[in-house]
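Trainee: this one's sequence-less:
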Ligand SMILES: CC(C)(COP(=O)(O)OP(=O)(O)OC[C@H]1O[C@@H](n2cnc3c(N)ncnc32)[C@H](O)[C@@H]1OP(=O)(O)O)[C@@H](O)C(=O)NCCC(=O)NCCS
């Protein structure tokens, strides 16, 4: 490779070693610390997966009970964060609110000045519990209602669903949310995780790295896609002719959100699982309209562009049917991906090398400096 060769978007570049997530290039398979995503989605819970990502091993029952207890104990917010959440403009985007709430929490965290593994794990567990609380308090504020539930007994997915919908969810809805959290938890060097690692690589702290990651995840080419997909589905449904609408969008060179992936050029195994969740949720709720429309768009995109849906595509209608307000879709991604980000931040700190690539300079050649009073005015 010539030293001047540029890899735009770092496409195809392996920027480091990682033992957290394996995206099998050829088979299109995916595993977290050696466990296949299909097995995790079918048999595991989000709490087990978060433990696996953070600690490196599956917990036994005793370890899981202890982990859950700490998660439950961490469901509290400082007065400063609460005041911030209740003073935000109700039209603020939940991702902006989250980014700032995580940042404020970093100033106050009891492990603020420590970057060792144990401190990072404690901080990660606290954030895993607090992030849904940030969203819950903000949501109540938007609706003009009072304090959120922090019911100590609820599992992570049940807690999130309760905060987002304001009602007690049924077990099948909780499982749908759980599967989505498991699928969203980790995906190696994606943009937000890489942003987190870049920040951590200067030996900055976990909250700073997570704040960077949230900023990166917000964009529609990354996590923001799930919200954008639901807006697309609503628009296409309104227009009444999906075939015509999607083809026209493609002719206008619009990107159809929820399709394509930088690494996965064939089927995304997570999307396959999420599609099944969307199908059975639609049947259970006696509302198959969104599933049918999504399937139709999937068929058009494969035929016209050879593109497959990614995880965000079927997640959008699943969240919609679960009663999640559309603007909160990407923030739910954060409730899960915090586990993966934290695992990467710990790994980065453990084997640190400052991430500092080069660019190929394509700007002006050297120019003579002319003092301000001698420069001609440009009107
Ligand atoms: C995710 C994404 C950024 C990956 O893109 P990438 O690997 O950089 O691929 P490129 O942007 O180079 O696209 C390659 C070609 O496919 C097209 N393409 C890729 N995704 C597309 C989409 N969702 N809709 C329409 N066309 C798409 C591009 O327009 C380009 O076509 P061209 O060669 O005729 O110009 C891209 O697929 C995308 O924008 N998807 C929509 C957003 C999304 O769902 N993001 C979540 C990702 S998990």
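Mentor: In hand now; what should we look at? These numbers were taken from a predicted model, which means no experiment stands behind them.
Trainee: Going along the chain, name the helices of the stretch 51-200 of the chain.
Mentor: For the stretch 51-200 of the chain, the helices defined by DSSP state H, counting those that start in this stretch occupy 61-73, 79-87, 94-108, 117-143, 156-165, 171-184, 191-200.
Trainee: now the last one against helix 117-143, angle please.
Mentor: Note on geometry: by axes from the mean of the first three to the mean of the last three CA atoms, to 10 degrees, helix 191-200 and helix 117-143 are set 130 degrees apart in direction.
Trainee: Quick one: the helices of the stretch 51-200 of the chain as JSON lines, columns for mean pLDDT and mean neighbour count too.
Mentor: Every residue, glycine included, has its C-beta placed from N, CA and C. Converted to JSON lines, the helices of the stretch 51-200 of the chain look like this (pLDDT from 0 to 100; neighbours: other CB atoms under 10 Å):
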{"stretch": "helix 61-73", "mean pLDDT": "97", "mean neighbour count": "13"}
{"stretch": "helix 79-87", "mean pLDDT": "96", "mean neighbour count": "15"}
{"stretch": "helix 94-108", "mean pLDDT": "98", "mean neighbour count": "20"}
{"stretch": "helix 117-143", "mean pLDDT": "96", "mean neighbour count": "21"}
{"stretch": "helix 156-165", "mean pLDDT": "95", "mean neighbour count": "23"}
{"stretch": "helix 171-184", "mean pLDDT": "98", "mean neighbour count": "22"}
{"stretch": "helix 191-200", "mean pLDDT": "98", "mean neighbour count": "23"}
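Trainee: could those helices be laid out in a markdown table, adding distance to residue 321?
Mentor: A markdown table is the format used below for the helices of the stretch 51-200 of the chain (distance: least, CB to CB, whole Å):
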| stretch | distance to residue 321 |
| --- | --- |
| helix 61-73 | 27 |
| helix 79-87 | 27 |
| helix 94-108 | 19 |
| helix 117-143 | 18 |
| helix 156-165 | 11 |
| helix 171-184 | 8 |
| helix 191-200 | 26 |
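Trainee: And the residue of the stretch 201-350 of the chain that's closest to the ligand?
Mentor: When CB to the nearest ligand atom is the measure, the stretch 201-350 of the chain has its nearest residue to the ligand at residue 260, with 2.2 Å between them.
Trainee: Apart from its neighbours in sequence, what residue is nearest that residue?
Mentor: Leaving out its chain neighbours, the residue that sits closest to residue 260 by CB to CB, 6 or more residues apart in numbering is residue 307, at 4.8 Å.
Trainee: That neighbour contacts residue 257, correct?
Mentor: No: in this structure residue 307 lies outside contact range of residue 257 using CB atoms under 8 Å: 11.3 Å.
Trainee: who's more crowded, those two?
Mentor: In this view residue 307 and residue 257 are compared by other CB atoms under 10 Å, and residue 257 has more residues nearby, 22 against 18.
Trainee: okay, that one: pLDDT?
Mentor: Per-residue pLDDT puts residue 257 at 97.
Trainee: what's near enough to touch it?
Mentor: Listed by CB atoms under 8 Å, 6 or more residues apart in numbering, the contact partners of residue 257 are 220, 225, 228, 229, 232, 312, 313.
Trainee: Point to the residue nearest the middle of this structure.
Mentor: Centroid-nearest residue in the chain, with CA atoms, centre = their mean: residue 333, separated by 3.5 Å.
Trainee: Could you list which residues are in contact with it?
Mentor: For residue 333, the contacting residues are 184, 217, 223, 226, by CB under 8 Å, 6+ apart.
Trainee: please redo it, this time with the cut-off set to 6 Å
Mentor: For residue 333, the contacting residues are 184, 223, taking CB atoms under 6 Å, 6 or more residues apart in numbering as the criterion.
Trainee: Please identify which helix or strand holds it.
Mentor: With secondary structure defined by DSSP states H and E, residue 333 is part of helix 329-350.
Trainee: That helix and the ligand, are they touching?
Mentor: No: using CB under 6 Å from any ligand atom as the criterion, no contacts between helix 329-350 and the ligand are found, and the smallest distance is 10.2 Å.
Trainee: Now do that helix against helix 191-200, angle only.
Mentor: Direction vectors for helix 329-350 and helix 191-200, defined by the same axes, to 10 degrees, enclose an angle of 40 degrees.
Trainee: What's the mean pLDDT across helix 329-350?
Mentor: The average of the pLDDT scores along helix 329-350 is 98.
Trainee: Can you point out the buried residues in that helix?
Mentor: Of the residues in helix 329-350, those buried by neighbour count under the rule 16 or more other CB atoms under 10 Å are 329-349.
Trainee: and what of stretch 280-289?
Mentor: Of the residues in stretch 280-289, 281, 282 count as buried by neighbour count, 16+ other CB under 10 Å.
Trainee: Name the surrounding residues that touch it.
Mentor: 176, 291, 318, 321.
Trainee: Fine, thanks again, bye for now.
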